[in-house]
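J.: next comes the sequence, and after it the predicted model I'd like to discuss.
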Amino acid sequence: MQIRPPSRPWRLWLAAAWGLAEATVFFVIPDVWIGRMALRSRRAGLQAAAFALLGAVSGGGLVYALSLQGNAGLLALFDWLPAIAPAMIERVADQLRTLGAVGVVLGGFSGVPYKLYAAQVHAAGIGLPVFLLFTVLARGLRFVLTALVVASLAGKAARRLGEAAVRRAYGVLVLLGYAAYWTLMPN
């Protein structure tokens, strides 16, 4: 089997940049782009997931490194971002103290921004290698599931509605999802 490079590699680099940005200060998850690529094909979605994971691991490592000098400044910055509040930051700290690195995995499926874990995991006594391993598990699993679910649903829907309608529906669902998320999560 020959592995072909993607026809437009910028799409993969965008996934990596998005993963890095969201792990640090951006507030829209890379799953949005992974899903958009999965509308093209399962392969494109999985490639985007791999590159987004590369970016997320890099961003998580960067935030971890910055937290070594204390995390108060980072947490103050993150508190300023949409849908993050002091109570959420404290819940993450409690979760990391009680569950350890497993909290990173659970957080990946809870709607709590990953950057909050990256900023507080060192203070909870979790070293960088363990944190990055659990990052790969948490983010990788979610990113791959996103690619597979979107590709599967899009393939079925495209046969009935057409590809253009599916792309428009995906865009509307993303916007509605974020409207609900930013309305329901603390500010």
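T.: Okay, I see it. Numbering: from 1, shown residues only.
J.: any low-confidence regions in the protein?
T.: In the predicted model of the chain, residues 1-7, 186-187 satisfy pLDDT under 70.
J.: hey, where'd the helices end up in it?
T.: Secondary structure of the chain by DSSP state H: the helices cover 10-24, 31-40, 42-67, 72-80, 86-99, 102-107, 114-120, 128-161, 163-184.
J.: Serialize those to CSV and add fields for mean neighbour count.
T.: For every residue, glycine as well, the C-beta is placed using N, CA and C. CSV is the format used below for these (neighbours: other CB atoms under 10 Å):
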stretch, mean neighbour count
helix 10-24, 21
helix 31-40, 23
helix 42-67, 22
helix 72-80, 15
helix 86-99, 16
helix 102-107, 20
helix 114-120, 27
helix 128-161, 18
helix 163-184, 13
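J.: identify the residue nearest Gly59 in space, chain neighbours excluded?
T.: Spatially, and ignoring its direct neighbours in sequence, Gly59 is nearest to Ala23 (2.7 Å; CB to CB, 6 or more residues apart in numbering).
J.: from what I see, the one you found and Lys115 are in contact.
T.: Yes - with contact defined as CB atoms under 8 Å, Ala23 counts as touching Lys115 (5.8 Å).
J.: any shared contact partners between those two?
T.: Shared between the contact lists of Ala23 and Lys115 (criterion: CB atoms under 8 Å, 6 or more residues apart in numbering) are residues 59-60, 63.
J.: got TSV for these, with distance to Gln120 too?
T.: Written out in TSV, the entries for these read as follows (distance: CB to CB, whole Å):
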residue	distance to Gln120
Gly59	15
Gly60	12
Val63	10
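J.: returning to that earlier point: gap between the residue nearest to Gly59 and Gly55?
T.: Distance of Ala23 to Gly55, given as CB to CB, to the nearest Å: 7 Å.
J.: residues touching stretch 136-155, excluding its own?
T.: Applying CB under 8 Å, 6+ apart, the contact partners of stretch 136-155 are 19, 30-31, 34-35, 37-39, 41-42, 45-46, 48-50, 52-53, 56-57, 104-105, 107-109, 114, 166, 170.
J.: using PDB, write down the CA coordinates of that stretch.
T.: What follows is the C-alpha trace of stretch 136-155 in PDB, where atoms were taken according to Å, rounded to 0.1, in the frame of the first residue of the first chain:
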ATOM      1  CA  VAL A 136      -2.500  11.600  23.200                       C
ATOM      2  CA  LEU A 137      -5.100   9.300  24.600                       C
ATOM      3  CA  ALA A 138      -7.700  12.000  25.300                       C
ATOM      4  CA  ARG A 139      -7.300  14.200  22.300                       C
ATOM      5  CA  GLY A 140      -6.500  11.400  19.900                       C
ATOM      6  CA  LEU A 141      -9.500   9.400  20.800                       C
ATOM      7  CA  ARG A 142     -11.800  12.400  20.500                       C
ATOM      8  CA  PHE A 143     -10.300  13.600  17.300                       C
ATOM      9  CA  VAL A 144     -10.500  10.100  15.700                       C
ATOM     10  CA  LEU A 145     -14.100   9.600  16.900                       C
ATOM     11  CA  THR A 146     -15.000  13.000  15.400                       C
ATOM     12  CA  ALA A 147     -13.500  12.100  12.000                       C
ATOM     13  CA  LEU A 148     -15.200   8.700  11.900                       C
ATOM     14  CA  VAL A 149     -18.600   9.800  13.100                       C
ATOM     15  CA  VAL A 150     -18.800  12.800  10.800                       C
ATOM     16  CA  ALA A 151     -17.500  10.800   7.800                       C
ATOM     17  CA  SER A 152     -20.000   8.100   8.400                       C
ATOM     18  CA  LEU A 153     -23.000  10.400   8.900                       C
ATOM     19  CA  ALA A 154     -22.000  12.700   6.000                       C
ATOM     20  CA  GLY A 155     -21.700   9.800   3.600                       C
END
